[in-house]
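Test case, fold it:
(chains A and B)
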Amino acid sequence: EVQLVESGGGLVQPGGSLRLSCAASGFTFSTSEMNWVRQAPGKGLEWVSYISSSGSNIYYADSVKGRFTISRDNAKNSLYLQMNSLRAEDTAVYYCAREGFFGSGSFPSDAFDIWGQGTVVTVSS
Amino acid sequence: DIQMTQSPSSLSASVGDRVTITCRASQSISSYLNWYQQKPGKAPKLLMYGASSLQSGVPSRFSGSGSGTDFTLTISSLQPEDFAAYYCQQSYSTPPTFGPGTKVDIK
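Coordinates of the predicted model:
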């Protein structure tokens, strides 16, 4: 079964740190490009970060740049998000999501085709 | 960053109704437009990619169209399991951005 399972969420004080993990199974993680997407309570979806299959290319949303670090361990089929200097506005459900590619040619379509169930991060004193 | 807008923000419909949701990008994104469905307390689910291609396993009552800046998602005959929030997302450039969502509920 294709699956992504997040863990590591919880309650943390402003300025604190958390490390999220995402365990992948049922597909070839080592060749998959991965992302973190979050959703604040009652709000829409916000992309957070991207990492290429080898880890050589990484991107961040401006809202988390310099505070969050994405990484992966292909030997463990795992994706991580280290979150430092947390703020109240970082409170959200955090999802890991695979970036799937569709079609052939030079410019295939891509979309978030596999999602985890999410892990809740609450930043509050 | 490319801004995505959706209309309406919410709608009420009955089972069997034809429903259309519109998504607009702040600049041309060719056909790099995806649609997701999200039910309360659940992760989003990919419905459509490349503006008009149905993801595997998604019922054929869902269809998508458009290119450039204007896109639509149509549900031809609304079913009870379709009551959910729907989000568009552009994959044309980084950062990928989502529309604010359209909530479809029962009339």
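
Which positions in the helix or strand hosting residue B:105 come out as buried?
Using DSSP states H and E, residue B:105 maps to strand B:102-106. Using 16 or more other CB atoms under 10 Å in any protein chain shown as the burial criterion, the residues of strand B:102-106 that qualify are B:102, B:104. Any C-beta I mention is one placed from the backbone N, CA and C, and that applies to glycine too.

now for that strand, which elements pack on it?
Under the contact definition 3 or more CB pairs under 8 Å, 6 or more residues apart in numbering or on different chains; DSSP states H and E, strand B:102-106 sits against strand B:10-13, strand B:19-25, strand B:85-90.

How far does it sit from its chain's centre?
12 Å (CA atoms, centre = their mean, to the nearest Å).

partners of it in the sheet?
If you go by DSSP bridges, strand B:102-106 pairs up with strand B:10-13 (parallel), strand B:85-90 (antiparallel).

Go through the helices and strands packed on strand B:102-106 and pick out the most buried.
Mean neighbour count (mean count of other CB atoms under 10 Å in any protein chain shown) peaks for strand B:85-90 among the helices and strands packed on strand B:102-106, with a mean of 24.

quick one on the thing from earlier: minimum distance to residue A:86: which of the helices and strands packed on strand B:102-106 has it?
Among the helices and strands packed on strand B:102-106, strand B:85-90 comes nearest to residue A:86, with 25.2 Å by CB to CB.

what about dumping the CA coordinates of the closest one to PDB?
Output of strand B:85-90 as PDB, limited to C-alpha atoms (Å, rounded to 0.1, in the frame of the first residue of the first chain):
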ATOM      1  CA  ALA B  85     -13.600  21.700  -0.100                       C
ATOM      2  CA  TYR B  86     -11.900  22.000  -3.500                       C
ATOM      3  CA  TYR B  87      -8.500  23.700  -4.100                       C
ATOM      4  CA  CYS B  88      -6.700  24.600  -7.300                       C
ATOM      5  CA  GLN B  89      -2.900  24.700  -7.400                       C
ATOM      6  CA  GLN B  90      -0.400  25.900 -10.000                       C
END
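
which secondary structure elements does the helix or strand just after it contact?
Sequence-wise, the next helix or strand downstream of strand B:85-90 (DSSP H and E) is strand B:97-98. Other helices and strands packing on strand B:97-98, by 3+ CB pairs under 8 Å, 6+ apart, are strand A:45-51, strand B:85-90.

Contacts for the last one next, please.
Which is strand B:85-90. A:44-45, A:111-112, B:2, B:4, B:6, B:21, B:23, B:25, B:29, B:32-39, B:44, B:47, B:71, B:73, B:96-104 (CB atoms under 8 Å, 6 or more residues apart in numbering or on different chains).
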